[in-house]
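Participant: quick one: sequence plus predicted model below, questions after.
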Amino acid sequence: MTTKVLLELDGVHTHIGAYHILHGVDLQVPEGQLTMLLGRNGAGKTTTLRTIMGLWTASEGRILFDGVDVAQRRTPWLAQQGIAYVPENMGIFSDLTVAENMTLAARAARDTGALDRTRLEWIFGLFPALRKFWLYPAGLLSGGQKQMLAVARALIEPRRLILVDEPSKGLAPSIVANMIAAFRELKRSATTVLLVEQNVQFAREVGDRVAVMDDGRIVHQGAMDEFAADRGLQERLLGLSLDPKLERLS
Ligand SMILES: Nc1ncnc2c1ncn2[C@@H]1O[C@H](COP(=O)(O)OP(=O)(O)OP(=O)(O)O)[C@@H](O)[C@H]1O
Ligand SMILES: [Mg+2]
């Protein structure tokens with residue numbers, strides 16, 4: 001069976017000022033699947049997501065979204081096409097309530113009352129804390145709750161592609177388990193996700209596909225199952241391995 005590739009990077013180079021950061025990234029993100037982007041610190045993962053989202057502009061190469069080259073498109077246009085981005089720093093508004101943060105993330109809703117209730121209930125099921133703190137300023141949430149709000153903002157409307165940068169960063173293990181459960185549930189809706197992670201268990205639990213970056217290039221792409229079973233490959237590419245004996249979280 002061949003799956004359609006929704007997003008494809010073809011020889012993408014990115015410069016930030018005088019620095020040459022991405023050196024020809026070739027990446028395929030199949031539709032309806034969750035692709036994990038792994039790699040050591042400084043490998044270029046965040047730069048790749050920012051380049052896809054138009055926050056950096058590729059200096060060379062093509063970024064095909066549903067077959068159309070969007071490499072020179074700007075961020076608002078890309079958001080309008082249904083691409084959502086959850087940045088490493090979460091991008092939430094501390095002075096606004098949880099409800100207002102959610103409303104601002106929805107293209108279709110002018111006020112909180114116009115949010116899709118069914119979808120909101122689904123999100124509250126994934127992240128119950130958001131219901132509890134719905135009318136609180138987001139700045140009062142804990143780090144983990146802010147992370148949940150950031151992911152929930154991307155989920156408030158159906159998106160064609162969600163880019164997420166390290167949603168488990170700095171979270172306690174039990175909260176990581178919640179986040180994993182949320183992404184598992186999200187996968188049931190066959191949303192296309194490109195997710196950056198350092199947490200190998202997270203990667204193994206939710207990834208369908210894996211791409212590994214090193215020094216501004218993709219050095220491996222394939223099925224997560226095969227990658228998870230090949231400890232030699234993991235050690236070579238990441239300097240560590242996903243322990244196959246780890247209990248599955250659930
Ligand atoms: N604004 C910037 N100006 C200059 N160099 C930058 C900038 N942002 C990132 N870089 C450099 O680009 C390289 C890739 O950074 P990037 O943030 O994409 O890595 P990463 O894989 O996301 O790392 P991490 O796992 O630590 O988040 C690093 O060497 C970094 O120092
Ligand atoms: Mg990063």
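Facilitator: Right, received. Where do you want to start? Ligands and ions are numbered 1, 2, ... in the order given.
Participant: low pLDDT regions in this protein?
Facilitator: By pLDDT under 70, the weakly predicted segments of the chain are 1-2, 240-250.
Participant: rerun that using 80 as the cut-off
Facilitator: Applying pLDDT under 80 to the chain picks out residues 1-2, 89-90, 107-110, 114, 170, 200, 239-250.
Participant: residue of it nearest ligand 2, please.
Facilitator: Nearest to ligand 2, among the residues of the chain, is T46, at 3.2 Å (CB to the ion). To be clear about C-beta, it is placed using only N, CA and C from the backbone, and glycine gets the same treatment.
Participant: for that residue, which three-state class applies?
Facilitator: Three-state call for T46 (DSSP: H, G, I helix; E, B strand; the rest coil): helix.
Participant: okay but it is in contact with V196, surely?
Facilitator: Yes. Look at T46 against V196 with CB atoms under 8 Å: they come within range, at 6.9 Å.
Participant: those two: which is more packed in?
Facilitator: Counted by other CB atoms under 10 Å, T46 and V196 do not tie: V196 has more neighbours, with 23 against 18.
Participant: check the gap between V196 and G91 for me.
Facilitator: From V196 across to G91, the span is 15 Å (CB to CB, to the nearest Å).
Participant: and Q81, by the same measure?
Facilitator: Distance, Q81 to G91, by CB to CB: 18 Å.
Participant: adjacent strands (with direction) for the helix or strand where A211 lies?
Facilitator: Using DSSP states H and E, A211 sits in strand 209-214. When sheet partners are counted by DSSP bridges, strand 209-214 sits next to strand 34-39 (parallel), strand 217-223 (antiparallel).
Participant: most tightly surrounded among those?
Facilitator: Greatest average neighbour count among those goes to strand 34-39 (a mean of 24), per mean count of other CB atoms under 10 Å.
Participant: now do the contacts for A105.
Facilitator: A84, R153, A154, I156, E157 (CB atoms under 8 Å, 6 or more residues apart in numbering).
Participant: out of everything not next to it in sequence, what's closest to the fourth one?
Facilitator: Nearest non-adjacent residue to I156, counting by CB to CB, 6 or more residues apart in numbering: A106, 4.7 Å away.
Participant: can you count the residues close to that neighbour?
Facilitator: A106 has 18 neighbours, counted by other CB under 10 Å.
Participant: if we can go back for a sec, mind putting the strands paired with strand 209-214 into a markdown table with distance to ligand 1?
Facilitator: Output for the strands paired with strand 209-214, formatted as a markdown table (distance: least, CB to the nearest ligand atom, whole Å):
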| stretch | distance to ligand 1 |
| --- | --- |
| strand 34-39 | 5 |
| strand 217-223 | 12 |
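Participant: now do the helix or strand hosting L195: distance to the chain's middle.
Facilitator: If you go by DSSP H and E, L195 is part of strand 192-196. Offset of strand 192-196 from its chain centre (CA atoms, centre = their mean, to the nearest Å): 4 Å.
Participant: what of stretch 101-116?
Facilitator: 21 Å.
Participant: now the end-to-end length of that stretch.
Facilitator: Its first and final residues considered, stretch 101-116 spans 15 Å by CA to CA, to the nearest Å.
Participant: so the residue most central in space within the chain bridges to which residues?
Facilitator: Centre of the chain computed as the mean C-alpha position; nearest residue by CA atoms, centre = their mean is V164, 1.8 Å away. Beta bridges link V164 to V86, L195 when assigned by DSSP bridges.
Participant: right, I'll call it a day here.
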